[in-house]
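>>> Please find the sequence and the predicted model below.
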Amino acid sequence: MRIRTCKAMAAMLLAAVALVAVPGCTSEKKTSKQTTYRSVGSASKSSGTSSATAKGSTSKGKVTTRKTSGKVEKGEASYYADKFHGRATASGEKYDKTKLTGAHRTLPFGTIVRVTNTANGKSVDIRINDRGPFKAGRVVDLSRAAAEKVDMIKSGVIKCTVEVISQP
């Protein structure tokens, strides 16, 4: 388990180094996360999986377009107990039960996901800022505010789908 984590961290570090834009470079650079950097005047498109484009931004003559994976997971969702309000999350920010945040085992911090309660069809978009849940079958932990949006306060645990909307 620890070896896989180290390999994943090394891969993320290499990807971060590859993301550094070289000034004056007009060729496209792609990483495994379908991130494309191109010159402002370029009209080329990147190929990849059938995924939607998240937000684009301009920085020093470069346009950054981030692709989402469209990844969908099915499983169970639970939510944080009130006793965790104000405690630090794995990302370093404090857990706020009034914000639409959550925990996932592997998605990068800042990833926006849509959690849908399969029993009633209600969904909520949350930002991943913590790690977990660490119980078999569970794919996401929600803040109290997010849990209220999908009507899971009484049940505590629901069957859900988790769809990646955008990644940082």
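Perfect, thanks for sending it. From a predicted model like this one, the values you see are computed outputs, not experimental measurements. Numbers count the residues shown, from 1 in each chain.

>>> Quick check: phi and psi on residue 151?
Dihedral angles of residue 151 (phi, psi; degrees, to the nearest 10) stand at phi 60, psi 60.

>>> so how far is residue 73 from it?
Distance of residue 151 to residue 73, given as CB to CB, to the nearest Å: 20 Å. Using the backbone N, CA and C atoms, a C-beta is placed for each residue, glycine as well.

>>> same deal with residue 135?
Residue 135 is 15 Å from residue 73, by CB to CB.

>>> before we move on, the earlier item: when residue 151 and residue 73 are compared, which one has more neighbours?
Set residue 151 next to residue 73 and count neighbours by other CB atoms under 10 Å: residue 73 wins out with 16 against 13.

>>> Leaving out chain neighbours, which residue sits closest to residue 168?
residue 110 (3.6 Å; CB to CB, 6 or more residues apart in numbering).

>>> now do residue 124
residue 149 (4.0 Å).

>>> Tell me who's in contact with the one you found.
Residue 149 makes contacts with 100, 122, 123, 124, as judged by CB atoms under 8 Å, 6 or more residues apart in numbering.

>>> Please name the nearest non-neighbouring residue to the second one.
Among residues not flanking residue 122 along the chain, residue 150 sits closest, at 4.7 Å (CB to CB, 6+ apart).
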